[in-house]
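J.: here is my input; please provide its structure:
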Amino acid sequence: MSVTQFDPLGLRFFEDAVTRLMSEPRTNRPWSPAVDISETEDALILHADLPGVEMKNIDIRLENETLTIQGQRSFEKDDQAKGYHRIERQYGNFVRAFSVPATIEVDKVSAEYRNGVLAVTLPKKEAAKPRQVKVEVK
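T.: Model (predicted):
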């Protein structure tokens with residue numbers, strides 16, 4: 001007769017299920033890349049961290065004063081790896097949407113992708129740029 005430990009709440013089953021869930025790659029689950037937005041006198045600049053995402057899998061749209069960045073990072077299983085001990089990076093589809101002011105030059109928006117960072121530059125219209133006015137004292 002073998003001796004087994006009694007687990008009245010089924011915690012071992014729950015622990016095994018959570019461990020299995022955390023060790024499987026998170027594919028086809030939405031994730032959200034980190035984004036920084038800064039402003040200069042001439043433009044708004046958005047930087048999104050997208051390491052491991054190919055440029056062909058990134059779609060950038062500006063419609064109705066909304067900037068949308070969407071794409072996908074695929075999980076590439078290594079055939080020589082016997083198994084994963086930990087998978088913390090997220091995979092699958094992502095979508096981020098940002099409201100942009102009407103003072104943006106829509107025709108001059110540009111994007112650059114380098115070293116896993118997407119930079120989207122949203123130039124301001126001339127009327128929105130700060131101006132310095134000299135005031136005369138009489």
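J.: mind checking pLDDT for the residue nearest the centre of the chain?
T.: Geometric centre of the chain, nearest residue: P33, 1.8 Å, by Cα atoms, centre = their mean. pLDDT, P33: 93.
J.: N115 too?
T.: Model confidence at N115, given as pLDDT, is 94.
J.: measure it to V135 for me?
T.: Distance of N115 to V135, given as Cβ to Cβ, to the nearest Å: 46 Å. Every residue, glycine included, has its C-beta placed from N, CA and C.
J.: correct me, but K124 touches A43?
T.: Yes: at 5.9 Å, K124 counts as touching A43 under the criterion of Cβ atoms under 8 Å.
J.: all strands for this structure, in order.
T.: Listed in chain order, the strands of the chain (DSSP state E) span residues 35-39, 43-49, 58-63, 66-73, 92-99, 110-114, 117-123.
J.: need the contact list for T121.
T.: When contacts are counted by Cβ atoms under 8 Å, 6 or more residues apart in numbering, T121 is found next to 43-45, 109-112.
J.: mind running it again at 10 Å?
T.: Contacts here follow Cβ atoms under 10 Å, 6 or more residues apart in numbering; on that basis T121 touches 40, 42-46, 108-112.
J.: out of those, which are buried?
T.: Neighbour-count burial (16 or more other Cβ atoms under 10 Å) is assigned, among the contacts of T121, to 43-44, 46, 109.
J.: what's the burial count for the nearest residue to F98 once chain neighbours are set aside?
T.: Among residues not flanking F98 along the chain, L67 sits closest, at 4.7 Å (Cβ to Cβ, 6 or more residues apart in numbering). The local packing of L67 (other Cβ atoms under 10 Å) involves 20 other residues.
J.: looking at the protein, which helix or strand is least sure?
T.: Every helix and strand of the chain was ranked by mean pLDDT, DSSP states H and E. The lowest is helix 11-23, at a mean of 64.
J.: redo the buried ones among the contacts of T121 as JSON lines? Include pLDDT and distance to R73.
T.: Below are those laid out as JSON lines (pLDDT from 0 to 100; distance: Cβ to Cβ, whole Å):
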{"residue": "A43", "pLDDT": "94", "distance to R73": "27"}
{"residue": "L44", "pLDDT": "95", "distance to R73": "25"}
{"residue": "L46", "pLDDT": "97", "distance to R73": "18"}
{"residue": "V109", "pLDDT": "95", "distance to R73": "24"}
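J.: right, I'll leave it there.
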